[in-house]
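Student: Here is my input; please provide its structure:
(one chain, ligands or ions: 2)
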Amino acid sequence: MTAFTPWPAEFAEHYRASGYWLGQNFPQWIAELTARHGDRIAVCDERHRWTYADLDRRSGKLAAGLRATGIGDGDRVVVQLPNVAEFVELVFALFKIGALPVFALPAHRHQEISYFCRFTGAAAYVIADRHGGFDYRALARTVRAEVPGLRHVVVLGEAAEFSAWADIPADGEAKTERTAGEPAFLQLSGGSTGLPKLIPRTADDYLYSVRESARICRLGPDTRYLVTLPAAHNFALSSPGILGVLHAGGRIVMSPAPSPDVAFPLIEAERVTMTGVVPPVALTWMASSARQRHDLSSLRLLQVGGAKFAAEAARRVRGELGCELQQVFGMAEGLVNYTRRDDPEDVVHSSQGSPISPADEIRVVGEDGTEVAPGEQGELLTRGPYTIRGYYRAAEHNATAFTEDGFYRTGDVVRRLPSGHLVVEGRAKDQINRGGEKVAPEEVENHLLAHPGVHDAAVVSMPDRFLGERTCAFVIPVGEPAPTGTELRAFLRQRGLALFKVPDRVEIVPAFPHTGVGKVSRRELRRNLSNYLSQRTT
Ligand code: AMP
Ligand code: DBH
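Tutor: Numbers count the residues shown, from 1 in each chain. Ligands and ions are numbered 1, 2, ... in the order given. I've put the predicted structure just below:
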């Protein structure tokens, strides 16, 4: 199984010669940050306020402890933490020993976590005891029972039967031989097939995108960035996110939740200058009456991305939140687009930005795979110095997710403006974007099919004013009595599927509408049902 598909030699040479890839691994990058910004505050949350030097020292001790525990170079470690300062400490510690963080989200449940642990052969799984009313230790019990090969579960807080984080740090130095060209971590893709995909990213490629993002977004030592999205999400981690802000010597402020009642007081108290959110959060912030009760005047830049932000909403940001908007269209596979800070307002409101790098190759193609005329819409294909050439251990999927000459098929339908800005017009992939949270219909259908009362299932999107899209499952029952929607939703929750993947609505139907084609593909079926649904709801 191929864990990692390297860039062809001629591309790698070009990226090095152009100064995109520096050959600097993460431990070297961390040492450079510490030397440059040592006494400045790097990260704070409700309980901690650490300088760059503190972060370096603490992550060094944690690294030594993890190494002593038997976690080493190349080992995979599933990280599932809320937005706390320790997230950065742990990721730095793993980088220092050359172990690969696997970036799970707090919303994931045992279906996803057990899969990540099993599929990556993880040595350890790291959680906080509880967060957001959920006990992650209960989740860890299920995961450990399902994945006997998992050697360690480390808990931040009350450890119960697991290893306590507080007992891990040790004196001594832990070094890694891992080079900048090898995978440093595994990022997640929302995916469009039955199982989520894992994305190997290297220090060479990722840090290039981080440095350029910091420059494009004009970050500096005065930047105070509120981590509103889950810290492990690629947007919050690198666009420019946590790593970009640290690169610039700024300060990370961890917000335990994105709601106005949590985020606004933090913006006020910490004099936050920028943050990145998904469209529904931006809408909630604009609609919130709490705006009047908090001084948000320090906030200069609001980044919105993860899903399409409607131009009408984009136009309201300055008036309602008193700050500049930047649209961000990115993907954990690589390519990130930003509207630039000196772009005309109209472009900022109505486009999703242009690529980070002059070396980002963009193709907009029609169904036959050839490029469409300039300005026409088509599927976005991309290749470049920080876009992967293959998913982790997914040879079969890679054969279709990438073109023969290495372009990643994003599945996004875009239109390119003469300025190079991209406008996201739709999608050519089987994925539902539920306010930035990606749902692969096939994954949910497979779980529905596990119910004895389900003969067939098709998951489609429903237009939604707030989230952009919600999910609806059409289910053909078998046997008596037919399961109800409520039962099926409860069934999926009990199976341990992340809540955002549980269909918002379930329709029990006797048969799927005919598509007029002899043999129906699931894709056509979904499209057909989608149309049917939008006709019924509008
Ligand atoms: P993933 O591959 O799971 O990291 O998800 C990336 C996908 O999110 C992209 O391919 C787009 O479909 C979607 N996306 C991210 N940002 C935006 C945006 N600003 N506008 C529209 N879609 C977006
Ligand atoms: O949705 C995404 O995956 C995303 C959005 C904005 C992303 O990965 C990014 C910026 O880097």
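Student: Could you pull up phi and psi at the closest residue to ligand 2 within the chain?
Tutor: Nearest residue of the chain to ligand 2: residue 330, at 2.5 Å (Cβ to the nearest ligand atom). In short, each C-beta sits where N, CA and C put it, glycine included. Main-chain torsions, residue 330, degrees, to the nearest 10: phi -130, psi 180.
Student: Now it. Nearest residue, chain neighbours left out?
Tutor: Computed as Cβ to Cβ, 6 or more residues apart in numbering, the closest residue to residue 330 that is not its neighbour in sequence is residue 336, at 3.7 Å.
Student: could you pull out the helices for the stretch 251-400 of the chain?
Tutor: 260-270, 279-287, 311-314, 317-321, 345-350, 395-401 (DSSP state H, counting those that start in this stretch).
Student: for these, which one ends up most surrounded?
Tutor: helix 279-287 (a mean of 20; mean count of other Cβ atoms under 10 Å).
Student: That one packs against which elements?
Tutor: In this structure, helix 279-287 packs against helix 260-270, strand 301-305, helix 311-314, helix 317-321, with contacts taken as 3 or more Cβ pairs under 8 Å, 6 or more residues apart in numbering; DSSP states H and E.
Student: so that helix versus helix 260-270, what angle?
Tutor: 70 degrees (axes from the mean of the first three to the mean of the last three Cα atoms, to 10 degrees).
Student: circling back: now tabulate the helices and strands packed on helix 279-287 in a markdown table and tack on mean pLDDT and distance to residue 223.
Tutor: Listed next are the helices and strands packed on helix 279-287 as a markdown table, based on pLDDT from 0 to 100; distance: least, Cβ to Cβ, whole Å:
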| stretch | mean pLDDT | distance to residue 223 |
| --- | --- | --- |
| helix 260-270 | 98 | 12 |
| strand 301-305 | 98 | 9 |
| helix 311-314 | 98 | 22 |
| helix 317-321 | 97 | 18 |
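Student: do you know which of those lies nearest residue 14?
Tutor: strand 301-305 (28.2 Å; Cβ to Cβ).
Student: wait, does that closest one contact ligand 2?
Tutor: Yes. Interface with ligand 2: strand 301-305 contributes residue 305 (Cβ under 6 Å from any ligand atom).
Student: Could you export that strand as CSV, CA atoms only?
Tutor: What follows is strand 301-305, C-alpha atoms only, in CSV (Å, rounded to 0.1, in the frame of the first residue of the first chain):
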residue,chain,number,x,y,z
LEU,A,301,-10.2,40.9,9.4
LEU,A,302,-12.9,38.2,9.1
GLN,A,303,-12.0,35.3,6.9
VAL,A,304,-14.9,33.2,5.6
GLY,A,305,-14.5,29.9,3.9
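Student: for it, packing partners?
Tutor: So strand 301-305, by 3+ Cβ pairs under 8 Å, 6+ apart, packs with strand 274-277, helix 279-287, helix 317-321, strand 324-331.
Student: check contacts around the residue nearest the centre of the chain.
Tutor: The geometric centre of the chain, computed from its C-alpha atoms, lies nearest to residue 233 (Cα atoms, centre = their mean), at 3.3 Å. The contact partners of residue 233, by Cβ atoms under 8 Å, 6 or more residues apart in numbering, come to 103, 105, 306.
Student: and if we set it to 7 Å?
Tutor: residue 105 (Cβ atoms under 7 Å, 6 or more residues apart in numbering).
Student: Counting neighbours, what do you get for residue 72?
Tutor: As a burial measure, residue 72 scores 14 neighbours (other Cβ atoms under 10 Å).
Student: hey, what's the nearest residue to residue 500 once chain neighbours are set aside bridged with?
Tutor: Among residues not flanking residue 500 along the chain, residue 437 sits closest, at 4.4 Å (Cβ to Cβ, 6+ apart). Counting by DSSP bridges, residue 437 forms beta bridges with residue 434.
Student: how much space between residue 437 and residue 188?
Tutor: Taking Cβ to Cβ, to the nearest Å as the measure, residue 437 falls 12 Å from residue 188.
Student: Any idea what residue 457 is bridged to?
Tutor: Counting by DSSP bridges, the residues bridging with residue 457 are residue 475.
Student: Same question for the one 5 residues further on.
Tutor: According to DSSP bridges, residue 470 are recorded as the beta-bridge partners of residue 462.
Student: Thought residue 535 was touching it, still the case?
Tutor: No. Assessed by Cβ atoms under 7 Å, residue 462 is found out of contact with residue 535, at 11.5 Å.
Student: Of the two, which one has the most company?
Tutor: Under the criterion of other Cβ under 10 Å, the comparison of residue 462 against residue 535 puts residue 462 first, with 18 against 8.
Student: Residue 187 falls within a strand, correct?
Tutor: Yes. Residue 187 forms part of a strand when assessed by DSSP: H, G, I helix; E, B strand; the rest coil.
Student: Can you read off the pLDDT for it?
Tutor: Confidence at residue 187, expressed as pLDDT, is 98.
Student: Tell me which residues touch it, please.
Tutor: Residue 187 neighbours (Cβ under 7 Å, 6+ apart): 103, 199, 201, 234, 332.
Student: Tell me where the protein is predicted with low confidence.
Tutor: By pLDDT under 70, the low-scoring segments of the chain are 1, 515-523, 537-538.
Student: make it 90
Tutor: Scanning the chain for pLDDT under 90 picks out 1-2, 173-174, 190-195, 430, 511-538.
Student: Enumerate the residues of it near ligand 2.
Tutor: Counting by Cβ under 6 Å from any ligand atom, the chain sits next to ligand 2 at 234, 235, 238, 239, 305, 306, 328, 330, 331, 332, 336.
Student: okay, now the third one: neighbour count?
Tutor: What it means is residue 238. 24.
Student: wait, what's in contact with it?
Tutor: 206, 209, 210, 213, 244.
Student: Which one of these sits in the busiest neighbourhood?
Tutor: residue 209 (28 neighbours).
Student: Looks to me like it is in a helix.
Tutor: Yes. With three-state DSSP as the criterion, residue 209 is part of a helix.
Student: Tell me which helix or strand residue 229 sits in.
Tutor: Here residue 229, judged by DSSP states H and E, is contained in no helix and no strand.
Student: Could you pull up the residues touching the residue nearest to it when sequence neighbours are not counted?
Tutor: Sequence neighbours aside, residue 236 is the residue nearest to residue 229 in space, at 4.1 Å (criterion: Cβ to Cβ, 6+ apart). By Cβ under 7 Å, 6+ apart, the residues touching residue 236 are 227, 229, 230, 242, 276.
Student: Report the buried members of these.
Tutor: 227, 229, 230, 242, 276 (16 or more other Cβ atoms under 10 Å).
Student: ok so, going back, what about the residue nearest to residue 500, how many residues nearby?
Tutor: 21.
Student: just residue 368 next, same as before
Tutor: 6.
Student: Where is the longest helix in this structure?
Tutor: Ranked by residue count and defined by DSSP state H, the top helix of the chain is helix 52-69.
Student: Can you add distance to ligand 1 and give the contacts of residue 238 back as JSON lines?
Tutor: Below are these laid out as JSON lines (distance: Cβ to the nearest ligand atom, whole Å):
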{"residue": "206", "distance to ligand 1": "14"}
{"residue": "209", "distance to ligand 1": "13"}
{"residue": "210", "distance to ligand 1": "16"}
{"residue": "213", "distance to ligand 1": "14"}
{"residue": "244", "distance to ligand 1": "17"}
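Student: and which of these is nearest residue 25?
Tutor: Nearest member of these to residue 25, counting by Cβ to Cβ, is residue 206, at 11.0 Å.
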